[in-house]
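Colleague: Requesting a structural model of the entry that follows:
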Amino acid sequence: MGMETVPSQYDDFAWFYHKYWGGGPTSFSTHVFPVLERLILPHVRQGGRILDLCCGTGQLAQDLTARGYTVTGVDGSAEILKYARVHAPGVEFIHADARSFSLPSGFDAAVSLYDSLNHLMQAADLGAAFVNVRARRPRACLPIFLRCGQPNRTRRYHDVPARTQCVAAD
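Modeller: The predicted structure is shown next:
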């Protein structure tokens, strides 16, 4: 698979994702926001710029903007982004591949939540995504990628370039 944006497997699945995981009490955002508040947001200035990589249907972007942050969401599914634009109309959403998107630098934080990065099956693809994110935010600390799963588990990605050390918290 090339680095260009191609039709996503999520395009046909977008309605289902939105209906069952995209909002309300089953929204992923409701489960992960307390983790962000504890681990990441204390290190981001009020009103800071946050990159939401693999942003899905926009609930996290909506929650972050409601708290005063400026969010840019990137996702590889055009259909998923239609829902995101409805949930968070003031957010800039970009249809692009996590490994090769192009944005100016200057983000204060970057997140990629849930199982999003598990879709990058090769270590080189995962490394490309990490390097690309790091290039967007040279002023800030290294990106943290969170996955909601078993609490209190942490793993390091060892197969990414040495200058890009990212922690994934389960």
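Colleague: quick one: average pLDDT of stretch 109-126?
Modeller: The average pLDDT for stretch 109-126 rounds to 78.
Colleague: Same check on stretch 66-78?
Modeller: pLDDT averaged over stretch 66-78 gives 93.
Colleague: Can you list the buried residues in it?
Modeller: 69, 71, 72, 73, 74, 75, 76, 77 (16 or more other CB atoms under 10 Å). Bear in mind the C-beta positions are built from the backbone N, C-alpha and C, glycine included.
Colleague: Counting only strands, which of those make the cut?
Modeller: 71, 72, 73, 74, 75 (DSSP state E).
Colleague: Kindly indicate which of those residues lies nearest residue 52.
Modeller: Using CB to CB, residue 73 is the member of these that lies nearest residue 52, at 4.5 Å.
Colleague: unless I'm mixing things up, the closest one is touching residue 91, no?
Modeller: Yes: if you go by CB atoms under 8 Å, residue 73 and residue 91 touch, sitting 5.7 Å apart.
Colleague: Pick out whichever of the ones in strands among the buried residues of stretch 66-78 sits closest to residue 11.
Modeller: Set against residue 11, the nearest of these by CB to CB is residue 75 (10.6 Å).
Colleague: Not counting residues beside it along the chain, what's closest to the closest one?
Modeller: Leaving aside its chain neighbours, residue 75 sits nearest to residue 55 (4.9 Å; criterion: CB to CB, 6 or more residues apart in numbering).
Colleague: List the residues that contact that neighbour.
Modeller: Residue 55 makes contact with 61, 73, 74, 75, 81, 84, 93 under the criterion CB atoms under 8 Å, 6 or more residues apart in numbering.
Colleague: hang on, the earlier thing: Serialize the ones in strands among the buried residues of stretch 66-78 to a markdown table and add fields for distance to residue 99.
Modeller: Shown next, in a markdown table, are these (distance: CB to CB, whole Å):
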| residue | distance to residue 99 |
| --- | --- |
| 71 | 21 |
| 72 | 17 |
| 73 | 16 |
| 74 | 11 |
| 75 | 13 |
